[in-house]
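Colleague: sequence first, then the predicted structure, then my questions.
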Amino acid sequence: MGGRAPKYEWRPNPSGEAKSIEEACQLARHWGVAIPDYVSFALDKYGWLDADTTAKTTTFKEPTGTMIYWSSLFHKRTGKIPFLIRKDIMRSDEAIVAVIGHEMYELEEMRKAFGENGAPIEHWQAEAHPDNEGNFHWRAWDYADELVARMRGDA
Amino acid sequence: MVDQLIEMYQDGAITGYQVMMDCLHRLDPDHPNLILSRLPEEILEEMLDYARRYDPSRMRSIAGLPPAADQVRAAQRWIEEKKRQKAERPMAS
């Protein structure tokens, strides 16, 4: 995450129960998050994500100017855009809705901006960089905060 | 480690690009065989394409360093040699 971080400290579920991926997606949809059919989530069962990363899709590391296309995000066998999600997220309904909401918001903004013609890697990274105020990544945390506020009845 | 990545790839949890990138980061340039010999052909193809466009002087990443030049070049040599050997192998009659 880094840079712009969520405003709320997500509350763990009182029972300590972890939701499945299917239950998590259902919960996120219940709170208004649009999850396209071309997206898949999987638990990070081997702990590949670090403590600062709640979820992620493919991370590109390319020379300046390399074109990244929308199709680059898709798994060639499944035809879906995969997201790994950290295991501990599944023990908090607020975290589930915020993290999935954040990722879906950012992805949709990327699709609208770059989906048709692609863009050089520096354009994608400018929108995903945690320190660029006002970019898609920042606004995606704003959206996630709104979702949690709604769940708490604050909004 | 490689087995976990391949399993996640086969389960659809991560893309081939991500497997390729994580393997390059962990590759020992003196012993590329340890990792590369276990990767599916399609990942090796993706890695070779990556090596051919890789330019250490202008890499961009917002999530840690890109793989080092010696890792990428060792992978490129290993894959190209494997392809050369395959091409030279006599056809079975």
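Modeller: Sure thing, it's come through. Numbering: from 1, shown residues only, chains lettered A, B, ... in the order given.
Colleague: from here on, just use CA atoms for contacts and neighbour counts.
Modeller: Fine.
Colleague: can you give me the strands in the chain?
Modeller: All of this is about chain A. With DSSP state E as the definition, chain A shows strands at residue ranges A:39-43, A:55-56, A:62-63, A:67-68, A:81-85, A:119-120.
Colleague: let's do chain B instead
Modeller: Using DSSP E, strands in chain B cover B:59-60.
Colleague: chain A contacts on that one?
Modeller: Chain B has residues B:4, B:12-18, B:53-56, B:58-63, B:66 near chain A, with proximity defined as Cα under 8 Å from any Cα of the partner chain.
Colleague: emit the PyMOL select command for whichever of these are buried.
Modeller: In PyMOL, a selection of the buried entries from the residues of chain B next to chain A looks like this (16 or more other Cα atoms under 10 Å in any protein chain shown):
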select buried, chain B and resi 12+13+14+15+16+17+18+54+59+60+61+66
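Colleague: quick one on the thing from earlier: for A:E103, which of the strands of chain A is the nearest?
Modeller: The closest of the strands of chain A to A:E103 is strand A:55-56. By Cα to Cα, the value is 7.7 Å.
Colleague: how much space separates the closest residue to chain B within chain A from B:E45?
Modeller: Nearest to chain B, among the residues of chain A, is A:P63, at 4.1 Å (Cα to the nearest Cα). According to Cα to Cα, to the nearest Å, A:P63 and B:E45 sit 18 Å apart.
Colleague: the two: who's more crowded?
Modeller: A:P63 (21 against 15; other Cα atoms under 10 Å in any protein chain shown).
Colleague: pLDDT at the more buried one, what is it?
Modeller: Per-residue pLDDT puts A:P63 at 97.
Colleague: determine the longest helix present in chain B.
Modeller: helix B:69-88 (DSSP state H).
Colleague: over to chain A?
Modeller: For chain A, assigning by DSSP H, the longest helix comes out as helix A:93-114.
Colleague: name whatever forms a beta bridge with whatever residue of chain B ends up closest to chain A.
Modeller: Of all residues in chain B, B:M59 sits closest to chain A, at 4.1 Å by Cα to the nearest Cα. Beta-bridge partners recorded for B:M59 (DSSP bridges): A:P63.
Colleague: picking up where we left off before, and among the strands of chain A, the most buried is which?
Modeller: strand A:81-85 (a mean of 24; mean count of other Cα atoms under 10 Å in any protein chain shown).
Colleague: where does chain B dip in pLDDT?
Modeller: Residue ranges of chain B with pLDDT under 70: B:91-93.
Colleague: which residues touch residue 20?
Modeller: Answering for chain A, as no chain was given. A:M90 (Cα atoms under 8 Å, 6 or more residues apart in numbering or on different chains).
Colleague: sorry, should have said chain B
Modeller: Shown in contact with B:M20 (Cα under 8 Å, 6+ apart): B:I43, B:L44, B:E46, B:M47.
Colleague: of those residues, which qualify as buried by neighbour count?
Modeller: For the contacts of B:M20, buried by 16+ other Cα under 10 Å: B:I43, B:L44, B:M47.
Colleague: okay, and which of these map to helices?
Modeller: B:I43, B:L44, B:M47.
Colleague: surely the second one meets B:W78?
Modeller: No. The pair formed by B:L44 and B:W78 falls short of the contact definition of Cα atoms under 8 Å, at 9.9 Å.
Colleague: give me the number of residues near A:D37?
Modeller: A count of neighbours around A:D37, defined by other Cα under 10 Å, yields 8.
Colleague: coming back round to it: make sure the residue of chain B closest to chain A is actually in contact with A:K61.
Modeller: Yes. Counting by Cα under 8 Å, B:M59 does reach A:K61; the two are 6.7 Å apart.
Colleague: can you pull the residues that touch both of those two?
Modeller: Contacts common to B:M59 and A:K61, judged by Cα under 8 Å, 6+ apart, are B:P66.
Colleague: need the nearest residue in space to A:F41, chain neighbours excluded.
Modeller: By the measure of Cα to Cα, 6 or more residues apart in numbering or on different chains, the closest residue to A:F41 outside its immediate chain neighbours is A:F83, 4.8 Å from it.
Colleague: having no further points to raise, I will conclude here.
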